[in-house]
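1. sequence-free structure coming up:
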RNA sequence: GCCCUCGUAGUUCAACGGAUAGAACAUAGGUUUUCUAAACCUAGAAUAGAGGUUCGAUUCCUCUCGAGGGCACCA
């Protein structure tokens, strides 16, 4: 619909300006401003030096002439208004919203902008031997939601979890474990990392150990290492299942270390990299307005930067992607600029296809979370805590015992996902348990609840034998029909901008609109001839909510 | 020191350079013989400060103050 209106306007202003101005058509926040609104007259002011209201009126007349707001049966607009400083507000005829409702099926809202596009997306990226903390939960929520949104837009998406299974951090954990076998891997890491900074002897040992892990020539170390890797993987696998993420590729740092090193060594010969201090190989970022980073360290081992170069080619070897998206916390924004700048020279094709998205950090009120100091909140502990709250809440709701576990889990994950995805991707979330995860108002459960209510209504309609029908329609449609029709435009907006929160905001408003409708109208009512229409509308709402929640990684529930 | 983010009701978050700056929580009040009250309806309450660009600035530019992140061998 938005595209359609844009085209209509473009056609109508051809005589006004030589070049098409860059104007927008938006769904206005205030319903008094119509169903769609454009700023075209305001944008034109600069070009044609005319009063914007006058211009707006001219455009309005032209549109009316060719598309009619008059008596025509198939008129698109019921009203066109010029308002404020020169906006043109379009009011769409009810008929079009109702026609739209008739078309709704399970695929409603799907788009084809990304049809035949191959996208590979890295997210979650928890590190073996370390805790899976709430930052990973955040990364997973965002990555999963973007993946699903791209799929909804027609793309073929492969999910990658790139995991550190080698490198200094792993050495720190293994070293910690060697000192004290009774502590768990997270504790071992914290212990090793602490000693690395304060104890010169330990530092030396860890660096030595790091080399040995690379070389894999010490039986004792290999055994310990393999145990830890297995344990971590099993643990993560359970979590991913719970979160509803299924990775297509688990890629380990050890897979890409050697290829990455080779890329750097070859490019070094071409002069892309330089020699740094102590035998390091570095990339001089300053020449590109960035900073210098080390790609091969003085031990001759590839750093994260070199491995990332290897990773890009490794992924491309597995899947010939059109676009590669990497999601990390924004503390890595500067790092990625440098790494991608280096990649532009080592492999320009892949660099062009790669996009880094930095999301905000989940931080504790007292400061940054750090697995180095052991000051972390683990993903499981958060989920568990939320599940307990949900269990308390549904205790007296008369639900079947066998359903309870699933409901608790889905509501808890929904609440967590919502609280992460409700805000713009770039900004930090100050994590405060009581405030961050809510069950009332703007929240995951609010959306799930609205869906559940709709579902109950539909079940009741079925029992009473009332079927959806558009034979009898109301004299005037409500806000709900309009909200439903906006869905696919919001999908596009969220996908284009890599911002799931547009979807969250929309679904929240949609749920609110349905809840109001539900409060005002009795939907299943044999005595009311509009009942079949209302059932159809409820059905449409449920479909949109289900599809929308799917994109957020939040499951719907029949009962809650 | 240099480079990036960011600063909006009491709190947590919204707002392609556009209309009366929206929500939610919290606060105060109201709604259930009717399909799930995790709901609905009402009310009060905000752009850090100073300049500038613009028909129009929360949004762009400069400065000040404040917060976070990053700056050579961690990921």
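-> Now that the structure is in, tell me what you want to look at. Note that the coordinates shown come from a computational prediction; the quantities given were computed from them, not determined experimentally.
2. so the residue of chain A found nearest RNA strand B: helix, strand or coil?
-> Using CB to the nearest atom of the strand, residue A:441 is the residue of chain A that sits closest to RNA strand B, at 1.9 Å. Backbone N, C-alpha and C define where each C-beta goes, glycine included. What DSSP: H, G, I helix; E, B strand; the rest coil gives for residue A:441 is coil.
3. number of nearby residues for it?
-> One way to gauge burial is a neighbour count; for residue A:441, by other CB atoms under 10 Å, it gives 9.
4. contacts only, for the nearest residue to residue A:534 once chain neighbours are set aside.
-> The shortest distance from residue A:534 to any non-neighbouring residue, by CB to CB, 6 or more residues apart in numbering, is to residue A:523 (4.4 Å). Residues near residue A:523 by CB atoms under 8 Å, 6 or more residues apart in numbering: A:457, A:461, A:531, A:534, A:535, A:538.
5. would you list those in CSV and tack on neighbour count, pLDDT and secondary structure?
-> Shown next, in CSV, are these (neighbours: other CB atoms under 10 Å; pLDDT from 0 to 100; DSSP: H, G, I helix; E, B strand; the rest coil):
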residue, neighbour count, pLDDT, secondary structure
A:457, 20, 96, helix
A:461, 22, 95, helix
A:531, 22, 94, helix
A:534, 23, 96, helix
A:535, 23, 96, helix
A:538, 25, 96, helix
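6. reformat the residues you listed as a markdown table; add distance to RNA strand B.
-> Formatted as a markdown table, the contacts of residue A:523 follow (distance: CB to the nearest atom of the strand, whole Å):
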| residue | distance to RNA strand B |
| --- | --- |
| A:457 | 5 |
| A:461 | 7 |
| A:531 | 9 |
| A:534 | 8 |
| A:535 | 9 |
| A:538 | 8 |
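7. list the buried residues in stretch A:26-36.
-> Neighbour-count burial for stretch A:26-36 flags A:27, A:28, A:33, A:34, A:35, A:36 (criterion: 16 or more other CB atoms under 10 Å).
8. ok, residues contacting it?
-> A:1-2, A:5, A:25, A:37-39, A:79, A:81, A:83-84, A:87, A:89-92, A:479, A:482, A:486, A:489.
9. equivalent analysis for stretch A:327-346, please.
-> A:121-123, A:125, A:135, A:138-139, A:142-143, A:146, A:263-264, A:267, A:272-273, A:283, A:285, A:288, A:290-293, A:295, A:304-305, A:308-309, A:312, A:326, A:350-352, A:354, A:356-361, A:426.
10. near RNA strand B, anything from stretch A:281-300?
-> Yes - applying CB under 7 Å from any atom of the strand, one finds stretch A:281-300 touching RNA strand B at A:282, A:291, A:292, A:293, A:294, A:297, A:298, A:299.
11. end to end, how far does that stretch reach?
-> The first residue of stretch A:281-300 is 9 Å away from its last residue (CA to CA, to the nearest Å).
12. now do the buried residues in that stretch.
-> A:281, A:282, A:283, A:284, A:285, A:290, A:293, A:294, A:295, A:296, A:297.
13. switch those over to JSON lines; also include secondary structure and distance to residue A:223.
-> Compiled in JSON lines, the buried residues of stretch A:281-300 are given as follows (DSSP: H, G, I helix; E, B strand; the rest coil; distance: CB to CB, whole Å):
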{"residue": "A:281", "secondary structure": "strand", "distance to residue A:223": "33"}
{"residue": "A:282", "secondary structure": "strand", "distance to residue A:223": "36"}
{"residue": "A:283", "secondary structure": "strand", "distance to residue A:223": "37"}
{"residue": "A:284", "secondary structure": "coil", "distance to residue A:223": "42"}
{"residue": "A:285", "secondary structure": "helix", "distance to residue A:223": "41"}
{"residue": "A:290", "secondary structure": "coil", "distance to residue A:223": "42"}
{"residue": "A:293", "secondary structure": "strand", "distance to residue A:223": "34"}
{"residue": "A:294", "secondary structure": "strand", "distance to residue A:223": "31"}
{"residue": "A:295", "secondary structure": "strand", "distance to residue A:223": "31"}
{"residue": "A:296", "secondary structure": "strand", "distance to residue A:223": "29"}
{"residue": "A:297", "secondary structure": "coil", "distance to residue A:223": "26"}
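14. thinking again about what came up before, dump the residues of stretch A:281-300 next to RNA strand B to JSON lines, plus distance to residue A:98.
-> Shown next, in JSON lines, are those (distance: CB to CB, whole Å):
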{"residue": "A:282", "distance to residue A:98": "65"}
{"residue": "A:291", "distance to residue A:98": "59"}
{"residue": "A:292", "distance to residue A:98": "63"}
{"residue": "A:293", "distance to residue A:98": "59"}
{"residue": "A:294", "distance to residue A:98": "63"}
{"residue": "A:297", "distance to residue A:98": "66"}
{"residue": "A:298", "distance to residue A:98": "71"}
{"residue": "A:299", "distance to residue A:98": "70"}
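15. closest one to residue A:253 out of these, please.
-> residue A:297 (14.2 Å; CB to CB).
16. so for the nearest residue to residue A:100 once chain neighbours are set aside, what pLDDT did the model give?
-> Leaving aside its chain neighbours, residue A:100 sits nearest to residue A:485 (4.7 Å; criterion: CB to CB, 6+ apart). pLDDT, residue A:485: 93.
17. and residue A:485, what does it touch?
-> So, once contact is read as CB under 8 Å, 6+ apart, residue A:485 ends up touching A:1, A:97, A:100, A:101.
18. ranking those residues by neighbours, who comes first?
-> Most surrounded of the contacts of residue A:485: other CB under 10 Å gives residue A:101, at 23 neighbours.
19. part of a helix, is that residue?
-> Yes - the assignment for residue A:101 by three-state DSSP puts it in a helix.
20. contact partners for it?
-> Taking CB under 8 Å, 6+ apart as the test, what residue A:101 contacts is A:470, A:481, A:484, A:485, A:536, A:537, A:540.
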